[in-house]
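# return a 3D structure for these sequence lines:
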Amino acid sequence: MANEFYHVPEATGDPAEGVSTKAFSANYLEALYGKIGAWKHIRNFTADVSAVGESVTVPSLPTLVAGNISFTDGSYTADNTAVDHPTIVINKAKQVSHKIPRTVYHQAKINVEAAFAANAAKAVAKSMDSEMIALIAALTNTAGTLGADLDEDKLNAAVGKLVENEVELEDPQKFVWILPASQYSAVKKLRGYDKYRIMASQTDANGTRDVQADLQTLLGFPLYFSNDSALTVSGGKIGGLFYKDSVGIAIQRMPSMEPIQRVPGTINLELLTWTLFGIKALKPSLAVKLLTK
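Residues are numbered from 1 along each chain as shown. You can find the predicted model right below:
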C-alpha cells in the first residue's frame, strides 16, 4: 500500500516487541504531512523512488504571452517557447533513531511508537526546511540591508521583487517566509491587516489599520523562524521569501522503518527510520534573499 513503511528485507533482529509497523507508518505520515513546515509551501511531490540517484521530472510551464492576430490575413506569430523539464535528483538520505531501555519501553504510560513517529516526522520535516535554507545564499534577488532589522519597506521590497516577475498574489499559501530567529522581536513590533496583506507601523493607533498581526503570517504569507547556521553570513543574517514554483522537493513515497533492534550488550532497544528525498531550485527568480541582522 502506498505511503506505508515496510521492514527492510535484509534487516536482522526481532521486531516482536509489540510494535505495529503499519501503525507506526500511519503515525509518522500523519505527523509529517499534517504538521506545518516551510517545505509544504513549495512544489512537493511524493515520488516512487527506492534508491539514491534516481530523478523525478518536474515539468515547468513558461510565462505565456498573448500575441496579435492580423485582421487582414488572419496570420499570427506562434510562441514556440519550450516547456522546461527540470529534474530533481534523489540525493538526500536522512535517518532518525532513538534508543530506549526495554524496561522503560514496556512500562511506559505513553505509546512509545506514536511518540517516536511524531518526533521522527518533525526531525525529517526540519531537515527538509534546512535544505531549503541552504538555497537562500545563492539567490540573486535581494532586499533589505545587512546589519539592519526588517521593516515594512524592506518586506514590501521583497514582495515587489516577485511582483516584477509576474507572480500572482491571490493565494497567500503559495508563499512562505523563512526568517532568522533574531528577527522575531522586530517582526513582532509590526502589525498587519491580513485582508490586504499590508503592514501597519508600530506607531499607528489600534484600529487605524487593525490589530497586531498573528506571527504565523507576515504580509499574509506563512512565516517560519529558524536558527539554522546557514542563515548567518558575514555582516549579519539572511532570510528568504519563496514562491511555490521557486523550489521543488521530491519525497520517497514509502520511507523505511527498521525492525526494532536489541542493542548488543545492553537492555536497550533502538527505533530507527530513514527516508530519501531530493530538492532543487526550479525558478530562482521567484524567490528573494532578505538581508538583515
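# find the centremost residue of the protein, please.
Closest residue to the average C-alpha location of the chain: W39 at 1.2 Å, with CA atoms, centre = their mean.
# contacting residues for the spatially closest residue to that residue that is not a sequence neighbour?
The shortest distance from W39 to any non-neighbouring residue, by CB to CB, 6 or more residues apart in numbering, is to M128 (4.1 Å). Any C-beta I mention is one placed from the backbone N, CA and C, and that applies to glycine too. Contacts for M128 (CB atoms under 8 Å, 6 or more residues apart in numbering) come out as 37, 39, 249, 251, 277, 279.
# any weak-confidence spans in the stretch 51-200 of the chain?
Flagging of the stretch 51-200 of the chain using pLDDT under 70 yields the residue ranges 61, 83, 110, 191-200.
# got the CA positions of stretch 168-185 in CSV?
This file holds the C-alpha atoms of stretch 168-185, laid out as CSV (Å, rounded to 0.1, in the frame of the first residue of the first chain):
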residue,chain,number,x,y,z
GLU,A,168,0.2,36.4,-8.6
LEU,A,169,-0.6,37.4,-5.0
GLU,A,170,-4.1,36.0,-4.7
ASP,A,171,-3.2,32.8,-2.8
PRO,A,172,-1.0,33.5,0.3
GLN,A,173,-0.4,29.8,0.8
LYS,A,174,1.8,29.8,-2.3
PHE,A,175,4.4,31.9,-0.5
VAL,A,176,6.5,31.3,2.6
TRP,A,177,8.9,33.4,4.6
ILE,A,178,11.9,31.8,6.4
LEU,A,179,13.5,34.4,8.7
PRO,A,180,16.4,34.2,11.2
ALA,A,181,15.1,33.9,14.8
SER,A,182,17.0,37.1,15.6
GLN,A,183,14.2,39.0,13.7
TYR,A,184,11.4,37.7,15.9
SER,A,185,11.3,40.9,18.0
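# what sits up against it?
Identification of contacts with stretch 168-185 by CB under 8 Å, 6+ apart yields 38, 41-42, 129, 132-133, 136, 149-150, 159, 162-163, 187, 197, 215, 217-218, 220-227, 231-232, 237-244, 290, 292-293.
# restricted to strands, list the residues you listed.
Judged by DSSP state E, strands contain the following of the contacts of stretch 168-185: 217-218, 221-226, 232, 237-243, 290, 292.
# generate a ChimeraX selection restricted to the buried entries among those residues.
A single ChimeraX command is used to select the members of these judged buried by 16 or more other CB atoms under 10 Å:
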select :217,218,221,222,223,224,225,226,237,238,239,240,241,242,243,290,292
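# can you report how many residues lie near D129?
Counted with other CB atoms under 10 Å, residues neighbouring D129 total 19.
# the closest residue to it other than its chain neighbours: neighbour count?
Among residues not flanking D129 along the chain, A38 sits closest, at 4.7 Å (CB to CB, 6+ apart). A38 has 23 neighbouring residues, counting by other CB under 10 Å.
# correct me, but A38 touches F221?
No: the criterion here is CB atoms under 8 Å, and A38 misses it with F221 at 10.9 Å.
# show the average pLDDT along stretch 265-281.
Per-residue pLDDT over stretch 265-281 has a mean of 88.
# and for stretch 247-257?
81.
# which residue, other than its chain neighbours, is closest to H98?
The shortest distance from H98 to any non-neighbouring residue, by CB to CB, 6+ apart, is to L271 (5.0 Å).
# look up how far S256 lies from that neighbour.
13 Å (CB to CB, to the nearest Å).
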